[in-house]
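Participant: structure of the sequence below:
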Amino acid sequence: MPEVLVRKGEPIDRALKRLKSKLDTEGVLDEVRRLRAFETPTQKTKRKAKASAKRAKAKQRYNAH
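Facilitator: Next up is the predicted model:
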């Protein structure tokens with residue numbers, strides 16, 4: 001589980017914002033939302049296709065150089 005250390009004198013809302021952004025980049029919230037309810041086979045296929053396309057796009061971007 002990701003954690004964020006609150007620095008001395010740092011407002012709590014700023015630390016909370018850092019935690020939320022860290023959770024978002026790691027995909028924790030998306031996974032929680034996905035596991036909350038049953039996922040139909042069609043939704044599962046679409047999610048996997050979308051993730052595959054995203055990986056392919058990133059791979060192409062870094063291999064272009």
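
Participant: helix, strand, or coil at residue 4?
Facilitator: coil (DSSP: H, G, I helix; E, B strand; the rest coil).

Participant: ok, it to residue 29 distance?
Facilitator: 15 Å (Cβ to Cβ, to the nearest Å). Every C-beta, even on glycine, is put in place using the N, C-alpha and C of the backbone.

Participant: okay, the two: which has more neighbours?
Facilitator: Applying other Cβ atoms under 10 Å to residue 4 and residue 29 shows that residue 4 carries more neighbours, namely 16 against 11.

Participant: name the residue closest to the centre of the chain, please.
Facilitator: With distances taken as Cα atoms, centre = their mean, the residue of the chain nearest its centroid is residue 27 (2.1 Å).

Participant: how much space between it and residue 14?
Facilitator: 22 Å.

Participant: just residue 52 next, same as before
Facilitator: 36 Å.

Participant: dump stretch 16-36 to PDB, restricted to CA.
Facilitator: Output in PDB follows, covering the C-alpha atoms of stretch 16-36 (Å, rounded to 0.1, in the frame of the first residue of the first chain):
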ATOM      1  CA  LEU A  16      -3.600  14.100   1.000                       C
ATOM      2  CA  LYS A  17      -3.300  15.400  -2.500                       C
ATOM      3  CA  ARG A  18       0.100  13.700  -2.900                       C
ATOM      4  CA  LEU A  19      -1.400  10.500  -1.600                       C
ATOM      5  CA  LYS A  20      -4.300  10.600  -4.000                       C
ATOM      6  CA  SER A  21      -2.000  11.300  -7.000                       C
ATOM      7  CA  LYS A  22       0.200   8.400  -5.900                       C
ATOM      8  CA  LEU A  23      -2.800   6.100  -5.700                       C
ATOM      9  CA  ASP A  24      -4.000   7.200  -9.100                       C
ATOM     10  CA  THR A  25      -0.700   6.600 -10.800                       C
ATOM     11  CA  GLU A  26      -0.500   3.100  -9.300                       C
ATOM     12  CA  GLY A  27      -4.000   2.300 -10.400                       C
ATOM     13  CA  VAL A  28      -5.200   1.400  -6.900                       C
ATOM     14  CA  LEU A  29      -8.500   3.300  -7.100                       C
ATOM     15  CA  ASP A  30      -9.300   1.800 -10.500                       C
ATOM     16  CA  GLU A  31      -8.800  -1.700  -9.200                       C
ATOM     17  CA  VAL A  32     -11.000  -1.000  -6.200                       C
ATOM     18  CA  ARG A  33     -13.800   0.300  -8.400                       C
ATOM     19  CA  ARG A  34     -13.400  -2.700 -10.700                       C
ATOM     20  CA  LEU A  35     -13.500  -5.200  -7.900                       C
ATOM     21  CA  ARG A  36     -16.500  -3.600  -6.200                       C
END
